[in-house]
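[1] coordinates only, sequence not included:
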């Protein structure tokens, strides 16, 4: 088991380097001058100074080298657009916001999706099941900007149940009402997905011979469910959650724009538009790292949960 | 081969190949019954059929209402006789009526026709992107699985790295790189980081099938590789790939909608459902139908694609029992 | 399960449809939940007990450093936390502020400001003339690479210092600003400039606290470091989220300031801003614009306010691509400006008949009343003119930057030009890339481009000098020596009436009967805003988009 973990961890390093290289090469292709913010042209001398300051006049492999070193020493450089702020500062201020939003969305997903899916599977073909499936199918299909628009109008503007926008600055503040609507809107898709998935895997597991045997042998259904069915059905859910978290984190920008949440997704969109290379690279690399790490964690967890994989993979 | 080996029969039975009649000596074996079987199973599944019908209806709506290429538009040229590009402020922001079943937008353009045009763009992008994804996946996964060995190892490790690339940020960066946004560039942007899972699946399939006795026998006998591909690998993976196509479609359509929503979408006067929804959101208080219509279409397409994919999965995988 | 799941599909589709109906149900007649039912009686006048408001800022200020700020949000925040020499009144005339008086010498090329002696920094230091000398030279310094350094080019030696490449300290000494004594600031200009004092109300002319800047470098504007000298203090700045200002009780005229606290929420999306206002979460917007789609509804509200705004929205031609002046005139004639204003922009903008907007002093004399810019367009004449064009360019690329509102106008114009047989392709680009594209010189893909010019100060020269041959903002390839000559002469003409004549001639070269039409002006801006009735009377945004929070008083109950 330990070797499995160590091997997995070691493999992520070249992966990370490769990802940085890919992102870096892509960024170099984007045209546009990040130093020009108004209609006035940047004087040649100043342009040269700024380029020198950001190492833009060196050959690409040198820049890549600098950048890798910077990533590993956690110094992602200054923002090219906002000269008073560094990418580190930007990431530190805004990434936790998006992270919290994503975590809350996932929490909604698990909180509502898991029980819905489980209960649906335990009581198939009942009204509850149909209702649950209906909900999950719709939640999956409706685009989140539409859902957000409806939620804001009905629950925040027309009736004062929730604030229309904003986000608490304190990461650990979970009492602020502003976190509810955005995380719900973002989490709806997730809820639906989890509900469907859990229902599917549970139904499939319940068909398995060993479950039917246990039932036939007369074991209490409840015990069977808790012991066997749940544990084995949740494995695919765990596998799915990893990449889904990645998807959620990088898909927050629509919700962030609608609800005016100062997250990293919204910032990313602005930075791409402004050709702020250092910020765009910093955020993309960070997002990639998060996804890679999430996958790593999931893989390791999976190794714990499903002993078969450990042998198969090593 | 006139008579089947018993082992081959067992393998084929597991794979779901069912022979209708025992072949007479010398007679060719009907391989296609897998598909007939699947078709029959699919048709029995009412939900999947209904979903497929609705899906086709939406596609027909998108392409026939405003006309497409050389086909004239049912609504724009015949019945309603409207020009979906015609700006006419006198009739702006109207509700549904006989002349305009969905009303008009802020420029006075008929929403019924425009939603269809937007559908053309969204559907084209959706299908094109999923096809590109599949093609890339087939190449990459196919080569990796077929060749195997060290190359396979390297390619899969590389794939591991690519998994880390986040979808939407990359799509946005790609669009920024190419500068212009049109159907082609949008397709590239959406497919560029979406093919990894499918490549894995294809590779897995190819590797399994490589071990298939029938294939090894054929190879031993000297059958050319493209014959093996054509007769064995492709038909067996095709099912999974089609399912995958319908599973990717929602992600692509929603991805395009999100990108258009933040303003990076198709240039006017063309529109996609996503860009229409973006414009509609501003007008929600005054003229909500402009966001409702494209959003519902997106939802409907996604819903139907999911049901079709489910239906296909059940139809092609005989091991799923009905409860 | 499978048998009945088609029921599920049907149910799902029906539910989606139902949501659609629900979505459509949300409409305007049930009144805007929040704003309208505010406080019924507004017999204003009575200041409320709590003088605190929350407002919405339309963007995150890229910088609160007066030397580096270029956008209006930064400018508005800065102008309230700092103390400018002069402020502009409602007629855009300069009024004493930190400078209690000023004098010009005989020919007007030297201006001497006398500063008040009770100006203070928040750390106790007095505000002296030296602060201004330091700050202006800092803004001009090549190291800072300030985008708005050009604002100070009216000062002698400024241009040379700013463009210096090495050994710049000597040039810094030659810049024409010096402190005669602690409270006397003497400014030597390159030529008499009657508009200079008014221009010095611009945020680029503010003083910064030298010791703080030197100590904290680029981080000096963070709330914990910043030292200011204005009526409000920067209490908190959560980037991208909020900016909170509190009254500084030790400001020299603190007893004239009613507001104790201004909480600012940074809301970038226009629709979200309006929603926040209507849910009574903010009492005012900062004038950063209302979504055009909502204008028809918002105009009816009591809370709606329309301000004048000195700026011109125009489409520029690349005259190297569209070479025939008749085609340019035809394209201008084909544009129905009034329709665009009524149906798209919807904020009662004024159809443009020249470059200089109404509201600039001398407008009546300067405005050429161009025959090529009739308010409702003249399609017939346009088509006639178009026929006279030998080789018309019928495939046009129209570029605009990717911000709300421009696309809609482009679509309308595209439709209008199609009547001339012109096929227009609309291309939207992000701002940074867009500016690169426009140069000057513009990329040859550019046939027509969209820009707006917001005036920095209230004299026509600010807009007209854009069109000189070597202006960094002339993206049209238009170059007319006579025009340049007129502008040069205007810079040396302190007498208003004479100068306005020169401006009029310049405008005539551009837009007159024989005008070259390098640009197609569309409208003169206005500034629509939403303000809660409790502050509406005193909340005022000046025509240069300046918001003075010291005037604002909360009267009655805010919703």
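    That came through, no problem. What you see is a predicted model, and the numbers here were worked out from it, not measured in a lab. Residues are numbered from 1 along each chain as shown, chains lettered A, B, ... in the order given.

[2] count of residues packed around residue 175?
    Here I'm looking at chain A. 8 (other Cβ atoms under 10 Å in any protein chain shown). Using the backbone N, CA and C atoms, a C-beta is placed for each residue, glycine as well.

[3] hm, I was asking about chain B
    Around residue B:175 there are 21 residues (other Cβ under 10 Å).

[4] for residue A:177, same thing?
    12.

[5] so what pLDDT did it get?
    Note on residue A:177: pLDDT of 86.

[6] Repeat that for residue C:1.
    On the pLDDT scale, residue C:1 gets 40.

[7] repeat for the one 5 residues further on
    Each residue has a pLDDT score; the one for residue C:6 is 64.

[8] Same question for residue C:43.
    The confidence metric pLDDT takes the value 43 at residue C:43.

[9] Ok, the one 10 residues further on next?
    For residue C:53, the model assigns a pLDDT of 93.

[10] and the stretch 151-300 of chain B, which of its residues are near chain A?
    B:157-158, B:160-170, B:172-174, B:176-177, B:179, B:250, B:254, B:257-258, B:261-262, B:274, B:277-278, B:281, B:284-285, B:291-292, B:295, B:298-300 (Cβ under 8 Å from any Cβ of the partner chain).

[11] Near the residue nearest to residue B:96 when sequence neighbours are not counted, how many other residues are there?
    Closest residue to residue B:96 apart from its sequence neighbours, by Cβ to Cβ, 6 or more residues apart in numbering or on different chains: residue B:103 at 5.0 Å. If you count neighbours by other Cβ under 10 Å, residue B:103 ends up with 21.

[12] got the contact list for residue B:103?
    Counting by Cβ atoms under 8 Å, 6 or more residues apart in numbering or on different chains, residue B:103 touches B:93-97, B:111, B:287, B:289.

[13] try 10 Å this time
    B:91-97, B:110-112, B:287, B:289-290, B:293, C:24 (Cβ atoms under 10 Å, 6 or more residues apart in numbering or on different chains).

[14] Can you list the low-confidence ranges for chain B?
    Scanning chain B with the threshold set as pLDDT under 70 gives B:1-34, B:225-236, B:317-323.

[15] Quick one: the helices in it, in order.
    For chain B, applying DSSP state H gives helices covering B:6-15, B:33-44, B:46-64, B:111-147, B:149-163, B:167-178, B:183-191, B:196-211, B:213-221, B:225-228, B:234-259, B:273-282, B:289-316.

[16] circling back: out of the contacts of residue B:103, which end up buried?
    B:91-94, B:110-112, B:287, B:289-290, B:293, C:24 (16 or more other Cβ atoms under 10 Å in any protein chain shown).

[17] Which helix or strand in chain C has the lowest average pLDDT?
    For chain C, the helix or strand with the lowest mean confidence is helix C:5-25, at a mean of 71 (criterion: mean pLDDT, DSSP states H and E).

[18] And residue A:165, how close does it get to residue C:221?
    25 Å (Cβ to Cβ, to the nearest Å).

[19] correct me, but residue C:545 touches residue C:452?
    No. Here residue C:545 does not reach residue C:452: they are 11.9 Å apart, not a contact under Cβ atoms under 10 Å.

[20] Looking at these two now, which is surrounded by more residues?
    In this view residue C:545 and residue C:452 are compared by other Cβ under 10 Å, and residue C:545 has more residues nearby, 21 against 15.

[21] What are the phi and psi values at the closest residue in space to that one that isn't next to it in sequence?
    In this structure, residue C:545 finds its nearest non-sequential neighbour in residue C:72, 4.9 Å apart by Cβ to Cβ, 6+ apart. Main-chain torsions, residue C:72, degrees, to the nearest 10: phi -70, psi -30.
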